[in-house]
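Engineer: Make a model of this:
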Amino acid sequence: MKKITFLLFSIISISFSQEKESIKFYVSPNGNDSNIGTLNEPFKTIEHAKQTIRTLSHQERQTDINVYLRGGTYNLDKTIIFELEDSGAEDTKITYSAYKDETPIISSGVQIKEWEKLETYPKSLPEVARGNIWVAKMPEGMERFYSLFDGDKRLARTRKEGFEFKNIEYVGAKSMNVLNDKDRYLLRKLELEGEEILKSWPNLEDIEVGFAPVPWTMNLLTLESVDEEKKEAWTVLEANAPPAAKKSHTKPWVENVIDHLETPGQWVLNTQERNIYYWPENGEPSDNIIAPKLKEYFRIEGNIDYQGAIDIPTKNIVFKGITFQHGERDSWWKGHKGWGIQHDWDKFDRGNAMLRFRGAENCEVLECRFTNSGGSAIRLDLYAQNITIKNNMIDFV
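Structural biologist: Predicted coordinates:
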């Protein structure tokens, strides 16, 4: 009788341990997606690991699944989307984590190559910069970007203060926005005084003006036109309040103009020429100058019902020990008005963070680092319930 009892206990113990044994896959920047995903034969991409998990049987999916990311940089050229079929089963988790003592880095950075010392100077280049500027072409296939990095350091784009807005008269709401349609033009019009800094540059579509007409938000808007004689300019898009509504919050400034490339460590982009101008702090550019391609790296997304009250979330996904860096800065677009989160602190349902939950439940972000990005680190949009964000580091974003 004792032998039978012991045998039954052993069978139950073995069965229980088998049920709890997790499935493991490994990914490495030096791997190959034709491999089988073991430690010795790792996959190359996270996307392929995700797709492989989808092919597992229903029975195999009833246990924890661990995807271990080996150290190195995983370059993305499009967002990885974790959808309903990527959820962990009830009471199980699918975990994407750093392999022990290694640092996997998720980046969308594209290396800027073939720098040359600038020898023919643009007419407006400051005298102090001559002999110090290097130039390189924008990478093939890349459009305008707003951020640039030297390895793990974000570089400063040129910025110049020194002009002011004239006082304006209008009937304003308490929010300092416009109350009447006849005043709506004031959201785009800049009436200038002080030093003549704004000019009708040939590449106005690259140049932005910054100001904070209300204390809770900053506007950074592309110039549409500048009339130097009348001392007025227009932005392409409307600000969230007239630029001169409240002049005490910040001094206006202009960004990305070669006229003001006066300080080591700064850069300028001219998309008409497809040139990047850069004044390196150490005399010449490093081999690790990087422009970002994406704002959003991972999106965990369920089925969103905009017209109703029932969303179906993606569940039970964990990210642990992963570094995210080199994200792009967001910018406004035509028709953006009316889609702001309270006081336009951010935009509603917008993919401008490196890691984003949009219709998700019972997910975790543990011991990750979000660093050196022009945009945000983590967003939770729409349905996002029981999302644990713990022991992460967020810096330089």
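Engineer: centroid residue for this structure?
Structural biologist: Lys295 (3.0 Å; CA atoms, centre = their mean).
Engineer: In contact with it: list those residues for me.
Structural biologist: Counting by CB atoms under 8 Å, 6 or more residues apart in numbering, Lys295 makes contact with 327-330, 351-354, 375. Using the backbone N, CA and C atoms, a C-beta is placed for each residue, glycine as well.
Engineer: Tell me where the stretch 201-350 of the chain has strands.
Structural biologist: 208-214, 217-227, 232-235, 253-255, 266-270, 275-278, 289-292, 298-301, 314-315, 317-320, 323-325 (DSSP state E, counting those that start in this stretch).
Engineer: okay, the angle between the second one and strand 208-214?
Structural biologist: Think strand 217-227. With axes from the mean of the first three to the mean of the last three CA atoms, to 10 degrees defining the directions, strand 217-227 sits at 130 degrees from strand 208-214.
Engineer: Note down every partner strand of strand 217-227 and its orientation.
Structural biologist: Here strand 217-227 is paired, per DSSP bridges, with strand 208-214 (antiparallel), strand 232-235 (antiparallel).
Engineer: what's in contact with the last one?
Structural biologist: Contacts to strand 232-235, defined as CB under 8 Å, 6+ apart, come from residues 188-192, 198, 209, 221-227.
Engineer: Among those, which one sits closest to Val254?
Structural biologist: Nearest to Val254 among the contacts of strand 232-235 is Val209, at 5.3 Å by CB to CB.
Engineer: Please name the bridge partners of the closest one.
Structural biologist: Going by DSSP bridges, Val209 forms beta bridges with Leu221, Val254.
Engineer: can you pull the contacts of it?
Structural biologist: With CB under 8 Å, 6+ apart, Val209 has these contacts: 190, 198, 220-221, 223, 233, 235, 252-255.
Engineer: What mean pLDDT does stretch 328-345 get?
Structural biologist: Summarised as a single mean, pLDDT over stretch 328-345 is 80.
Engineer: Enumerate the positions of it that are buried.
Structural biologist: Judged by neighbour count (16 or more other CB atoms under 10 Å), stretch 328-345 contains these buried residues: 328-332, 336, 340, 344.
Engineer: Now do the contacts for the nearest residue to Met393 once chain neighbours are set aside.
Structural biologist: Nearest residue to Met393 in three dimensions, chain neighbours excluded: Arg369, at 4.6 Å (CB to CB, 6 or more residues apart in numbering). Listed by CB under 8 Å, 6+ apart, the contact set of Arg369 reads 322-325, 392-395.
Engineer: switch the cut-off to 7 Å
Structural biologist: Applying CB atoms under 7 Å, 6 or more residues apart in numbering, we find Arg369 in contact with 323, 392-393.
Engineer: Ok, Thr250 next?
Structural biologist: 211-212.
Engineer: hang on, the earlier thing: how about the strands of the stretch 201-350 of the chain in CSV, adding distance to Val128 and mean pLDDT?
Structural biologist: Converted to CSV, those look like this (distance: least, CB to CB, whole Å; pLDDT from 0 to 100):
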stretch, distance to Val128, mean pLDDT
strand 208-214, 23, 90
strand 217-227, 24, 93
strand 232-235, 26, 95
strand 253-255, 18, 95
strand 266-270, 12, 98
strand 275-278, 14, 98
strand 289-292, 22, 97
strand 298-301, 43, 98
strand 314-315, 53, 98
strand 317-320, 46, 98
strand 323-325, 32, 97
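Engineer: Between those, which one is closest to Ser107.
Structural biologist: strand 323-325 (5.6 Å).
Engineer: neighbouring strands for that closest one, and are they parallel or not?
Structural biologist: Partners of strand 323-325 in its sheet, by DSSP bridges: strand 104-107 (parallel), strand 369-371 (parallel).
Engineer: nearest to Phe43, of the ones you listed?
Structural biologist: strand 104-107 (12.6 Å).
Engineer: what's the span of stretch 238-246, first residue to last?
Structural biologist: Here the two ends of stretch 238-246 are set 16 Å apart, with distance taken as CA to CA, to the nearest Å.
Engineer: and what of stretch 373-390?
Structural biologist: With CA to CA as the measure, stretch 373-390 spans 20 Å from end to end.
Engineer: circling back: just the contacts of Lys295 now: which is nearest Glu85?
Structural biologist: Ranked by distance to Glu85 (CB to CB), those are led by Gly351 at 20.4 Å.
Engineer: what's the closest one in contact with, if anything?
Structural biologist: Gly351 is in contact with 295-296, 299, counting by CB under 7 Å, 6+ apart.
Engineer: how close does the closest residue to Met218 other than its chain neighbours get to Leu355?
Structural biologist: The shortest distance from Met218 to any non-neighbouring residue, by CB to CB, 6+ apart, is to Ala212 (4.8 Å). Taking CB to CB, to the nearest Å as the measure, Ala212 falls 28 Å from Leu355.
Engineer: ok, back up a step: just the buried ones from the contacts of Arg369, in PyMOL syntax?
Structural biologist: The buried residues among those can be selected in PyMOL (16+ other CB under 10 Å) with this line:
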select buried, resi 323+392
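Engineer: and of the contacts of Arg369, the nearest to Ile312?
Structural biologist: Ile312 lies nearest to Asn392 out of the contacts of Arg369, by CB to CB, at 27.1 Å.
Engineer: Contact partners for Arg350?
Structural biologist: By CB under 7 Å, 6+ apart, the neighbours of Arg350 are Asp330.
Engineer: Can you check the pLDDT for it?
Structural biologist: Listed pLDDT for Arg350 reads 91.
Engineer: any chance of the contacts of Arg369 in JSON lines, with distance to Leu118 too?
Structural biologist: JSON lines is the format used below for the contacts of Arg369 (distance: CB to CB, whole Å):
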{"residue": "Thr323", "distance to Leu118": "34"}
{"residue": "Asn392", "distance to Leu118": "41"}
{"residue": "Met393", "distance to Leu118": "38"}
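Engineer: Just the closest of the contacts of Arg369 to Gly72, please.
Structural biologist: Of these, the one sitting nearest to Gly72 (CB to CB) turns out to be Thr323, at 10.7 Å.
Engineer: Number of residues surrounding Asn362?
Structural biologist: Here the count is done by other CB atoms under 10 Å, and Asn362 has 18 residues near it.
Engineer: no, scratch that, I was asking about Leu382
Structural biologist: 17.
Engineer: Help me confirm that it comes into contact with Asp305.
Structural biologist: No: look at Leu382 against Asp305 with CB atoms under 7 Å: they stay out of range, at 9.7 Å.
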